[in-house]
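> Mind folding the following:
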Amino acid sequence: MKAAIYTRISTDNQAEVEFNSCETQATKIRSFISSQNDLEVFKVYSDQGYSGASIERPSLQDMLVDIQNGKVNLVISYKIDRLTRSPKDFYQLIELFEKHNVSFISVTERFDTSTPSGRLLRNIMLTFAQFERELISERIRDKMAERAKKGMWNSGNTPLGYRRDNKKLVIESKEAEIVRTIYDEYLASHSVARVYDKLKSIKMFGRKGLPLIKTNITKILHNILYTGKIEYKGKIYKAIHEPIISDILFEAVQSLPKEEYQKRSKLFMYTLFPGLIHCKECGSIMSSVFTNKIRKGKRVRYFYYRCNGLAKRDLSYCSTRYVSCDRLDAFIIDNLDKIAKNQQYLDSLIFTLNYSPQDMTEGFKPNGDTSTYSSEKLREILESIVDASKLRGKSEKREIVKRHIGKVIYSKETIEVKILYSESAEAASAASTSSATSAEIKSSDNNNEAAFRHASTAQSRPTTLVRNEIKLDLGGLEPPTPSMPC
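Residues are numbered from 1 along each chain as shown. Below is the predicted model of the structure:
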């Protein structure tokens, strides 16, 4: 019987402690295994410096892959909370274990999940682990509230204009001058954009040697900490650190009307890939924006994906700038449709993924012994995306697309689409979209086909904790020629 040893320590400091180290946990587990007749160690999986509140840990994910490939029969940990501290995650892991006929043993609690008493003890231990975590969180909140009442800063990112000295804020003269310039310039111009231009022109940059982004400038303008006060849970306390600006200057800035661009910030989402388009040049998300133009006496609205690097900085920051939403959406859907109908291309791609490890997938790498991908399943996913674009409901079509596409990386030369190829991506969508899909099926014949395919695809697959991405290169799309104010 092949046993997997799993060890974990929450922080790097704990990992150095002799009696809590991952090596100590593994030694005690090996002693237990040596006392059994039918157990042998398959592999030791160790996560040092990772919290038990999440299952996004590299060694844990490697172990889950080996479990799915049938390489492990038993998982052994020093304690239950070494595997996870979340009851929800633990139940998901146990379901995955049971699905692949894998048992779980905790050495110190000494129970086996295959027995009723072991399952009872498992639930009791998890409840106490969750209680301990919530109790610690409550104590931390009380401590932070008490520190705020005493005027002490509650840590976090050190505000611009200060430096940390023995957990206290001390004014940093050069940065403090930047803060004062921000307030003075904004009070004179009433514009964050003009403040940004001013700082850039006089070369007042942030800690990384780059101009401050406009979002951070806005946060500085509304941070009462610079007046020598602390805000915690909606209450204001007198702080022990020195102020950089006066109360009068801060209140004068707060009394100014909001900028006009904030009134226009809310826009209707008519695009197919909101939040999924990423600029390849600077890595920023490309958000949906629009412009109005007069055509034959009527106002016509045009939608664009604009690189957020322009909004945060200026036009010279990124050359990608923007691309027509309609043109890019149609280009992506048209190419995915062509790929779905090209069986020879799909077969070649799947063969490459299954037998030649390439930088085309993320997650675990399949080997030649186990065929992880299938052309039929990939074609179903692509058809679901194409059919979703035909649905009338804007929210429904975008939700379906988001469950099958992880990211679209755009540049003038290449467009790369990352397809989510995972059981969980489709199975998880079945329950949450059943009512919305049912309503959509009633709208029209075309909508029936699209919604039914997505519903059947989603509900026919089991849930797993491992997610993979398949990268598809769709070629290039040149940006539109009409000019647009950014």
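
> Quickly find the element holding residue 196.
Using DSSP states H and E, residue 196 sits in helix 192-201.

> tell me how far that helix is from the chain's mean position?
Computed by CA atoms, centre = their mean, to the nearest Å, the chain-centroid distance of helix 192-201 equals 31 Å.

> which other residues reach that helix?
For helix 192-201, the surrounding residues in contact (CB atoms under 8 Å, 6 or more residues apart in numbering) are 178, 181-182, 185-186, 189, 205, 211-212, 214, 217-218, 221, 259, 313-314. For glycine as for every other residue, the C-beta is placed from the backbone atoms N, C-alpha and C.

> Quick check on these: which are buried?
Buried members of these, counted by 16 or more other CB atoms under 10 Å: 178, 182, 185, 186, 211, 212, 214, 217, 218, 221, 313, 314.

> Could you look up the SS state of the closest residue to the first one other than its chain neighbours?
Put plainly, it is residue 178. For residue 178, ignoring the flanking residues on the chain, the nearest one in space by CB to CB, 6 or more residues apart in numbering is residue 204 at 4.9 Å. Three-state assignment for residue 204 (DSSP: H, G, I helix; E, B strand; the rest coil): coil.

> Ends of stretch 306-315, what's the gap?
Taking CA to CA, to the nearest Å as the measure, stretch 306-315 stretches 11 Å from start to finish.

> name the element residue 385 belongs to?
Per DSSP H and E: helix 375-388 holds residue 385.

> picking that back up, just checking, next helix/strand downstream of the helix holding residue 196?
Next in sequence after helix 192-201, counting helices and strands by DSSP H and E, comes helix 214-221.

> With only the CA atoms kept, save that following helix in CSV.
C-alpha atoms of helix 214-221 as CSV (Å, rounded to 0.1, in the frame of the first residue of the first chain):
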residue,chain,number,x,y,z
LYS,A,214,-3.6,58.3,-10.2
THR,A,215,-5.4,55.8,-7.9
ASN,A,216,-2.7,56.1,-5.3
ILE,A,217,-2.8,59.9,-5.6
THR,A,218,-6.5,59.8,-4.9
LYS,A,219,-6.0,57.6,-1.9
ILE,A,220,-3.4,60.0,-0.5
LEU,A,221,-5.8,62.9,-0.9
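
> Which strands and helices lie in contact with that helix?
When contacts are defined as 3 or more CB pairs under 8 Å, 6 or more residues apart in numbering; DSSP states H and E, helix 214-221 sits against helix 173-189, helix 192-201, helix 308-312.

> mean pLDDT lowest for which of the ones you listed?
Among the helices and strands packed on helix 214-221, helix 308-312 has the lowest mean pLDDT, at a mean of 78.

> C-terminal to the host helix or strand of residue 82, what's the next element?
Residue 82 belongs to helix 80-83 when assigned by DSSP H and E. Note on helix 80-83: by DSSP H and E, the next helix or strand toward the C-terminus is helix 87-99.

> Now do the buried residues in that following helix.
89, 90, 92, 93, 94, 96, 97.

> And those, which is closest to residue 65?
When the buried residues of helix 87-99 are compared for distance to residue 65 (CB to CB), residue 96 wins out at 11.2 Å.

> Show the pLDDT at that closest one.
As predicted, residue 96 sits at a pLDDT of 87.

> one step back: tell me the one among the buried ones among the contacts of helix 192-201 nearest to residue 61.
residue 313 (36.0 Å).

> is it possible to export the helices and strands packed on helix 214-221 to TSV including distance to residue 375?
As requested, the helices and strands packed on helix 214-221 are exported to TSV (distance: least, CB to CB, whole Å):
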stretch	distance to residue 375
helix 173-189	57
helix 192-201	50
helix 308-312	36
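
> And the ones you listed: which comes nearest residue 225?
Going by CB to CB, the one of the helices and strands packed on helix 214-221 nearest residue 225 is helix 173-189, 10.3 Å.

> picking that back up, quick one: which of the contacts of helix 192-201 is nearest to residue 277?
residue 313 (18.4 Å).

> So residue 190 is in contact with residue 256, correct?
Yes: with contact defined as CB atoms under 8 Å, residue 190 reaches residue 256; the gap is 5.7 Å.

> just to revisit the earlier point, could the buried residues of helix 87-99 go into JSON lines alongside distance to residue 162?
Shown next, in JSON lines, are the buried residues of helix 87-99 (distance: CB to CB, whole Å):
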{"residue": "89", "distance to residue 162": "38"}
{"residue": "90", "distance to residue 162": "42"}
{"residue": "92", "distance to residue 162": "43"}
{"residue": "93", "distance to residue 162": "43"}
{"residue": "94", "distance to residue 162": "48"}
{"residue": "96", "distance to residue 162": "47"}
{"residue": "97", "distance to residue 162": "49"}
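
> just to revisit the earlier point, farthest pair within the contacts of helix 192-201?
Of all pairs drawn from the contacts of helix 192-201, the widest gap by CB to CB lies between 205 and 259 and measures 23.1 Å.

> How is the chain partitioned into domains?
Using automatic domain parsing, the domain parsing of the chain gives 2-136, 162-258, 267-486.

> Which residue is the nearest non-sequential neighbour of the most centrally placed residue in the chain?
By CA atoms, centre = their mean, the mean C-alpha position of the chain lies nearest to residue 406, the distance being 10.3 Å. Excluding the flanking residues, the one nearest residue 406 by CB to CB, 6+ apart is residue 418, at 4.4 Å.

> Please name the strands paired to the one helix or strand the one you found maps to in the sheet, noting orientation.
Following DSSP H and E, one finds residue 418 within strand 415-420. Strand pairing for strand 415-420, determined by DSSP bridges: strand 405-410 (antiparallel), strand 469-473 (antiparallel).

> Let me know which of those is the nearest to residue 66.
Nearest to residue 66 among the strands paired with strand 415-420 is strand 469-473 (20.2 Å), distances taken as CB to CB.

> how about that closest one: buried residues?
469, 470, 471, 472.

> Run the chain-centre distance for that strand.
Distance, stretch centre to chain centre, for strand 469-473: 18 Å (CA atoms, centre = their mean).

> Quick one: work out the angle between it and helix 375-388.
With axes from the mean of the first three to the mean of the last three CA atoms, to 10 degrees defining the directions, strand 469-473 sits at 70 degrees from helix 375-388.

> CA atoms only for strand 469-473 - export them in CSV, please.
Output of strand 469-473 as CSV, limited to C-alpha atoms (Å, rounded to 0.1, in the frame of the first residue of the first chain):
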residue,chain,number,x,y,z
GLU,A,469,-5.3,26.0,-19.1
ILE,A,470,-4.8,25.4,-22.8
LYS,A,471,-3.2,28.3,-24.7
LEU,A,472,-4.5,29.0,-28.2
ASP,A,473,-2.6,31.5,-30.5
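
> Would you confirm that residue 311 contacts residue 214?
Yes: applying CB under 8 Å, one finds residue 311 in contact with residue 214, separated by 6.9 Å.

> quick one: low-confidence ranges for the stretch 151-300 of the chain?
Within the stretch 151-300 of the chain, the stretches with pLDDT under 70 are 258-270.
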